[in-house]
Every structure is written in structure tokens, then in C-alpha cells.
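In: show me the folded form of this:
(one chain, ligands or ions: 1)
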Amino acid sequence: MTPDNRTAICPGTFDPVTLGHLDVIGRASAMFESLIVGVVNHPWRKTATMFTAEERVAFVEHATAHLGNVRVETFSTLLVDYARARGAMAIVKGLRAISDFEYELEMNQLNRRQAPDIESVYLMASSEYSFLRSSGVKELATFGGDIDELVPVEVARALKERLGR
Ligand code: PNS
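Out: Predicted coordinates:
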């Protein structure tokens, strides 16, 4: 499909989605006519996810139901191939701190080499979420920390259930 500047992909593993992800998704949805949240589902990844792809999609769908131009689906191909298949000209990602920059620069250059017609756009994390990552939330939840202000209510409930709390 020919890339279209009205459609963007917001990709991620979202294991699970956090309020930081939702902040980026909400802001990106205001920038494009259509935003597709692409949830990575590749069974050959080295580390297993805590939640299945279906669960991760359901969490994002529930949390973005109020955004009329957002849809959520899984993908298991190269990100740029997925973006092209959906006719998206842009990939939107959040950047939290310098530590994200090096990885994202590398990904950007690899992706640009594969698909120069697809541009990546980076939204700076809002200050209240600049420390927030899914792995940190899982670690906090594992040791009984308070995660209620970091993830949607359903995610907090599911994490506590999964971890037997
Ligand atoms: O940090 P995340 O959420 O695990 O990132 C996932 C993703 C897909 C955004 C990141 O791995 C990326 O930018 N990958 C580009 C390379 C690619 O296409 N990998 C295949 C993913 S199925």
C-alpha cells in the first residue's frame, strides 16, 4: 500500500501498557487521522511476555476506547513491513530519557535503510512518566509495590491477580 501521511503506527510490546504509553498514544492520536497501535506478537522472542498478545491488545483497546481514531492489532513482521502493509507513513514512538535515545537511533537507522519512505516521529515523554517502563511496573508489582498510578485499573488488577496478591 502506498504510504499515507494521515495514518501512523504506534508500535510496542506493551507488556503491559502503562500510563506513559497511553500518554504517547493519546497525543499521537491528535496528530494523525488514524492511529494504529501495533502490539508485537512474535513467539520466538527470547524472553516470554507476562501477558499474551490477546491480553495486551485487550488492555490497550479498553484504555483507548474513548479515542475514535485508534485501533489496536497485533503484528509479527518487521515493523516497517507492517507500517507499509497498513499504508502508514509514520511510526510514532515515545522517548523518555537519554537512555532510550541510543537504542532508538539504531532502530531508526535500520528502519530507514529498509524503508526510506516511512518516517519515525518521537514524542518526548511527559515529565510524570519519564521514569516509567513496563518492566519496572512488573518488578514493583512482584514485590508488592504500589502500581495504581502507573497503569490502567484493569492492568493493575490483572498484575495483582497474576502475581497472586
Ligand atoms: O520496546 P518494545 O516495546 O519492545 O519495542 C518493540 C518495537 C517493535 C517497537 C521495537 O522492537 C522496534 O522498533 N523494532 C524494529 C525492528 C523490527 O521490525 N522488529 C520486529 C518486531 S516484530
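
In: ok, R162 to M50 distance?
Out: In this structure, R162 and M50 are separated by 7 Å, where distance is defined by C-beta to C-beta, to the nearest Å. Heads up, the C-betas are built off the backbone N, CA and C, glycines and all.

In: more neighbours, the two?
Out: Counted by other C-beta atoms under 10 Å, R162 and M50 do not tie: M50 has more neighbours, with 18 against 15.

In: so which strand or helix has that one?
Out: If you go by DSSP states H and E, M50 is not part of any helix or strand.

In: hmm, it is touching E161, no?
Out: No. In this structure M50 lies outside contact range of E161 using C-beta atoms under 8 Å: 11.5 Å.

In: about what we covered before: give me the common contacts of R162 and M50.
Out: Common neighbours of R162 and M50 are not found (criterion: C-beta atoms under 8 Å, 6 or more residues apart in numbering).

In: which positions in the protein make contact with the ligand?
Out: Listed as neighbours of the ligand in the chain under the rule C-beta under 6 Å from any ligand atom: P11, G12, T13, V40, H42, S76, L78, L79, M107.

In: so what's the gap between the longest helix anywhere in the chain and the chain middle?
Out: For the chain, the longest helix by residue count, based on DSSP state H, is helix 98-114. On the basis of C-alpha atoms, centre = their mean, to the nearest Å, helix 98-114 sits 16 Å off its chain's mean C-alpha point.

In: perfect, that will be all.
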